[in-house]
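[1] no FASTA, just this:
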């Protein structure tokens, strides 16, 4: 596997574009297009929130019917959630407008929206944006980057990743873009993530790969404990790499899963590290667990702890908060077997051993916790399983951003 610079246009046959449609923002691009030269096999996962945005319902219907999408239209600023019949009509009209302009079928158009809940989307601006997107779409790196930027809301930076790997002498590429900064606590995946690949792959393999990998990537991040109404991950495969078809359970399928995991994990970590008001990406890793599930529950509990998150924000080695979060996670373990380390680019420091504090330098601990990426590793001494979760610190700026988000 080879990591490359790229996003949704890295794979053959995919184009992208961005447009400033003025849907909510007046000073930036706010619509994006992903377009495939050929209809795609598709897989998707969606929010488990009972309150589901109209685009989630629209996309899920297309994915469940196993249709062949060819385009994705995304807008930022307005979520099109809690908008009733008008919101669903907006999805239909958006797909029809894209179909007319791109010369594709309306049921081959997927839709993504992110932003304020409860507002109706102005269709005249959406239609204007679609015309701009269709005229501007290109397969180059810049167009993919522009699309990634256009889907941002409170994000401070775009999020992209891409890799290549070989299948029977053919180069296969997987690339993606995502957005997410607040309302991040998925039980499926988080916010919006769009993955494209030129792999020739069976529909079963595509669906299995995505559903399995979501559990170890997007489902293992948290910023603020809120599961969005709009959470969507879409994976599109157009077969343009012309490799021998990848089938479920084969060595080539394992290769595909490894590459997909890298893209998804990279995007997930970028979302966690760009949490609203955050100054640090915070990773919690559990090792020595009896099972992967036990490790996942413990790791997720640590990154979700508000007290632990504020300790990271204050660069304070308050390890008691971490052990406490593990204790109420619901996973069984022996606290007297836990050994805990803090680690970053500034070094690695043992904080407790067998559940008891060891002598360490508070100054060194503060230095370690002052870096932009911080990791806590807890060895619970019960087995060989492990898992990681990702979050961020919690600062005053999170409140500032969300207190006046609508205005």
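    On my side now, so go ahead. The model shown is predicted, which means the values in this text are computed figures rather than measured ones.
[2] ok, the residue nearest to residue 123 when sequence neighbours are not counted - contacts?
    By the measure of CB to CB, 6 or more residues apart in numbering, the closest residue to residue 123 outside its immediate chain neighbours is residue 93, 5.5 Å from it. For the C-beta atoms, the positions are set from N, CA and C on the backbone; glycine is no exception. Taking CB atoms under 8 Å, 6 or more residues apart in numbering, we find residue 93 in contact with 123, 126, 127.
[3] check which helix or strand residue 93 maps to.
    With secondary structure defined by DSSP states H and E, residue 93 is part of helix 84-102.
[4] could you pull up the mean pLDDT of that helix?
    Averaging the model's pLDDT scores along helix 84-102 yields 97.
[5] now the strands: where do they sit in the stretch 251-400 of the chain?
    Taking DSSP state E, counting those that start in this stretch as the criterion, the stretch 251-400 of the chain carries its strands at 281-289, 339-344, 347-353, 356-357, 373-379, 385-392.
[6] residues contacting residue 212?
    Contact partners of residue 212, counting by CB under 8 Å, 6+ apart, are residue 257.
[7] residue 285 versus the residue nearest to residue 123, what's the distance?
    Taking CB to CB, to the nearest Å as the measure, residue 93 falls 47 Å from residue 285.
[8] and for residue 168, the neighbour number?
    When neighbours are defined as other CB atoms under 10 Å, residue 168 has 11 of them.
[9] revised request: answer the last question for residue 107.
    For residue 107, the neighbour count with other CB under 10 Å is 16.
[10] so residue 229 touches residue 53, yeah?
    Yes - with contacts counted by CB atoms under 8 Å, residue 229 reaches residue 53, the gap being 4.8 Å.
[11] so where's the protein shaky on pLDDT?
    Filtered on pLDDT under 70, the chain yields the residue ranges 183-190, 226-227, 405-407.
[12] so which residue is smack in the middle of it?
    When the chain is reduced to its mean C-alpha position, the nearest residue by CA atoms, centre = their mean turns out to be residue 268, at 4.1 Å.
[13] find the nearest non-adjacent residue to that one, please.
    Nearest in space to residue 268, with sequence neighbours left out and distances taken as CB to CB, 6+ apart, is residue 217 at 4.5 Å.
[14] tally of neighbours for the one you found?
    When neighbours are defined as other CB under 10 Å, residue 217 has 25 of them.
[15] can I assume it is in contact with residue 264?
    Yes - the pair formed by residue 217 and residue 264 meets the contact definition of CB under 8 Å, at 4.0 Å.
[16] now do the residue nearest to residue 123 against residue 392, distance only.
    With distances defined as CB to CB, the gap from residue 93 to residue 392 amounts to 37 Å.
[17] coming back round to it: any quick PyMOL command for the buried ones out of the contacts of residue 93?
    Provided next is the PyMOL selection string for whichever of the contacts of residue 93 are buried by 16 or more other CB atoms under 10 Å:
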select buried, resi 126+127
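[18] narrow the contacts of residue 93 to those in helices?
    123, 126, 127 (DSSP state H).
[19] could you measure from the residue nearest to residue 390 when sequence neighbours are not counted over to residue 221?
    By the measure of CB to CB, 6+ apart, the closest residue to residue 390 outside its immediate chain neighbours is residue 272, 4.0 Å from it. With distances taken as CB to CB, residue 272 is found 4 Å from residue 221.
[20] of the two, give the one with the bigger neighbour count.
    residue 221 (30 against 26).
[21] does the more buried one touch residue 268 like I think?
    Yes - contact status for residue 221 versus residue 268: in contact at 5.0 Å, counting by CB under 8 Å.
[22] of the contacts of residue 93, closest to residue 20?
    Residue 20 lies nearest to residue 126 out of those, by CB to CB, at 12.7 Å.
[23] which residues does that closest one contact?
    Neighbouring residues of residue 126 by CB under 8 Å, 6+ apart: 21, 23, 31, 73, 75, 90, 93, 94, 97.
[24] can you do 6 Å?
    The contact partners of residue 126, taken as CB atoms under 6 Å, 6 or more residues apart in numbering, are residue 94.
[25] any idea how far it is from residue 120?
    Here the criterion is CB to CB. By it, residue 126 lies 11 Å from residue 120.
[26] cool, residue 398 as well?
    Residue 398 sits 28 Å away from residue 120, taking CB to CB as the criterion.
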